[in-house]
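>>> Take this sequence and fold it.
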Amino acid sequence: MFFKSLSLVPALLTATTLFTASVLALPGKNGLTKRAYDATACNNHPTLCNKKYSEIYHLGAHDSPFIRHPDNGYSVAGNQYFNVRAQLEGGVRLLQGQIHNEGGKPRLCHSECLMMDGGKLEDYLVIVKKWMDEHPSDVVTMLWVNADNMPVKDLEKYFVDTGIKDIAFVPSRPRLPPTEWPTLKQMIDKKQRLVLMLSSSTNETAIPWILDEFSYVFETPFENFDPAKFTCVADRPGGVKGPEKLKEAVASRIGFQNRFLYDKKLEEFGAQIYTPDPKLAPKINSGDKTVPGNLGDGIEKCKKEWGRTGGYVLVDFANEGNPIAVVDAANGFKDPRNRVNLPITFENQPKSLWEPTPSAGEMSLLFDKLQDGRDEVKENVVIPVKDKVVDPAKEKLKNELLDPLSEVFNPVITPILNPIKDKLGEAKPVKEVQENVKKVTEKLKNVWDDIFKARKA
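From the prediction side, this is the model:
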C-alpha cells in the first residue's frame, strides 16, 4: 500500500516446522509432495552453479514479510499470500522488506506498525537462516528498506545473533561491478550464500557484509500503475537516473526490475492511497505474450536494453501467474530441482503456510469506524454560527474519526485526509451537508469493503 509517496511494507514473523533438512514437504496444488534434496543444483538447477551471481535472474517477493490471508481478513497491507518459508520453497531468492525503529529496536512494519505489525526482525531472520541451513546449495538475497535510517551498528547484532553474519557475502572490494561477482558455486563453497543489503545508513568499512544497496544495484521506477508503462531505465540512485545514464548504471550496478502495480483509491476526493493490485498480478506476473506488460516481455526488453542477462525481478503475489516459471526460462531451464510450487488458493492448505498472523493494526479499527460514520449524521440537528450552518454530528465525525487518523499518521496520512475533511467542512445548507457526509462515508465504506473483505479464490 502506498500513502502519498511512502511505500507500505507489511511484515512476517512466522516459522514453520513443515520441512526437514533432507526432505522438502509443502502442500502444493495437489497436496503434499516430497523430494530428496539435490545438492548439485544451485538455486534450483545445476546449470546455474558456474554462472556469476550477477548473470542470473533472481525472483523477488516485494514486501516478503507482509502477507494477506484468511486470518487477517486479506489485509490490504499485505503484498504476498504465503509466508517467507513458502516463498523460498517456491523459488523466491530475493526477500525484500522494511525495517522500522520501534523503541530503539528494529521491527518489521508496513509503513507504520499501526498499519501492519510483522513482529521482530530477528524472528524473520531465524526462519530464513534455518531454511538456508537445510538448503546448502542455495544463494539468497535480502534487501531491507531502512525506513527510519537506523544506524547499521544498531542493526548489526540482530544479524550476528541469528547467524546471518556467518553466511553473509563479503565482496572482494567495495562497489563491486557486475562483471566481478563470483559464481554461485564459489559463493556456496566459501559459505557466503546470503547477500545482505540495506537501503541506507551502511558502513562497509566497519561492517563489510552489510552492503549499501545503491552501490551495487540500480532500480527501475517503483510507482507503477499501468502495465504498459513498465520501463528498464534506472530511477534510483539519482546519480544514474534516466535514459541518458543507463549505460553507466548497467556498467556499475546489477539491474533491479520493480514489476508490481499499485491501484489508486479515493482519487475523486483528492486522496492518494495506493494499494497493491491483486487483480492484475496473475496476468503481469506471467509470460503470456497477449498481456501488455507481462513479465516475460519485461525481462526480454531489459535484457536487450541493458545488453546483458541477470538481475532482480520483484513482484507482488509471487504465487500468482507463475512468475518463477518465467524466471526459470530466462535462466535457461525448465526442469527445476529442490522446489515445490506455491499454492494458487488457500483451499485445503494448512495454516502453517501463513501463520502466525501479522497484525493488521489499530488503523484497521479506525477505518472500521468510518464504515459506520454515516450513522453519526443526525437528522435536523443544526446550530447557526455567524453566517455558517454547522452540523454537530458532522463535526463529531471529523473530530472523532478523521482527526485521530491524522494525529496517528501525521504527516503521512494528513495529505490524504485533508481533502476529505474539506469536503465535510464546506458550509452548506443542512440537507446538502447531510448528503455530502453520506456520500463521503458511503464511498469510504465501499472502498474499505473492496480492499479489506475476504478475497475468495
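>>> Can you give me the first-to-last residue distance of stretch 189-199?
By Cα to Cα, to the nearest Å, the extent of stretch 189-199 from end to end equals 28 Å.
>>> hmm, I was thinking of stretch 226-242
Span of stretch 226-242 from end to end, Cα to Cα: 19 Å.
>>> what do you get for stretch 79-98?
Span of stretch 79-98 from end to end, Cα to Cα: 12 Å.
>>> which residues in the stretch 201-350 of the chain form helices?
Taking DSSP state H, counting those that start in this stretch as the criterion, the stretch 201-350 of the chain carries its helices at 213-216, 246-252, 281-284, 295-306, 323-330.
>>> what packs against the fourth one?
The elements that helix 295-306 packs onto, with contact taken as 3 or more Cβ pairs under 8 Å, 6 or more residues apart in numbering; DSSP states H and E, are helix 246-252, strand 254-258, strand 311-315, helix 323-330. No exception for glycine: its C-beta is placed from N, CA and C like everyone else's.
>>> helices and strands of this structure: which one has the lowest mean pLDDT?
Least confident helix or strand, the chain: strand 6-7 with a mean of 31, by mean pLDDT, DSSP states H and E.
>>> OK, contacts around the closest residue to residue 328 other than its chain neighbours?
Spatial nearest neighbour of residue 328, excluding adjacent residues (Cβ to Cβ, 6 or more residues apart in numbering): residue 336 at 5.9 Å. Counting by Cβ atoms under 8 Å, 6 or more residues apart in numbering, residue 336 touches 41, 44-45, 91, 324, 328.
>>> Please produce a markdown table containing the helices and strands packed on helix 295-306, extended by distance to residue 116.
Shown next, in a markdown table, are the helices and strands packed on helix 295-306 (distance: least, Cβ to Cβ, whole Å):
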| stretch | distance to residue 116 |
| --- | --- |
| helix 246-252 | 32 |
| strand 254-258 | 20 |
| strand 311-315 | 19 |
| helix 323-330 | 23 |
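>>> Ok, which of the ones you listed comes nearest residue 162?
Minimum separation from residue 162 across the helices and strands packed on helix 295-306 (Cβ to Cβ) falls at strand 311-315, 23.1 Å.
>>> ok, residue 49 touching residue 38?
No. Between residue 49 and residue 38 there is no contact under Cβ atoms under 8 Å: 11.5 Å.
>>> what do these two both touch?
residue 137.
>>> for residue 200, what are its contacts?
Contacts here follow Cβ under 8 Å, 6+ apart; on that basis residue 200 touches 146, 149, 212.
>>> are any of the residues you listed buried, and which?
Neighbour-count burial within the contacts of residue 200 applies to 146, 212; the criterion is 16 or more other Cβ atoms under 10 Å.
>>> and which of the contacts of residue 200 is nearest residue 75?
Nearest to residue 75 among the contacts of residue 200, with distances taken as Cβ to Cβ, is residue 146, at 23.5 Å.
>>> Excluding chain neighbours, give the residue nearest to that closest one in space.
Leaving out its chain neighbours, the residue that sits closest to residue 146 by Cβ to Cβ, 6+ apart is residue 200, at 4.7 Å.
>>> ok, now residue 306?
Nearest non-adjacent residue to residue 306, counting by Cβ to Cβ, 6+ apart: residue 250, 4.7 Å away.
>>> need the contact list for that neighbour.
Counted by Cβ under 8 Å, 6+ apart, residue 250 has contacts 178, 218, 306-308.
>>> hmm, which of the residues you listed are the buried ones?
178, 218, 306, 308.
>>> The third one contacts residue 255, correct?
Yes. At 5.7 Å, residue 306 and residue 255 qualify as touching, with contact defined as Cβ under 8 Å.
>>> In the stretch 51-200 of the chain, mark out all the strands, start to finish.
With DSSP state E, counting those that start in this stretch as the criterion, the stretch 51-200 of the chain has strands at 57-61, 94-102, 105-110, 112-120, 140-146, 194-198.
>>> Turn the ones you listed into TSV, columns for mean pLDDT and distance to residue 225.
Putting the strands of the stretch 51-200 of the chain into TSV (pLDDT from 0 to 100; distance: least, Cβ to Cβ, whole Å) gives the following:
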stretch	mean pLDDT	distance to residue 225
strand 57-61	98	20
strand 94-102	96	20
strand 105-110	93	19
strand 112-120	82	21
strand 140-146	97	20
strand 194-198	98	26
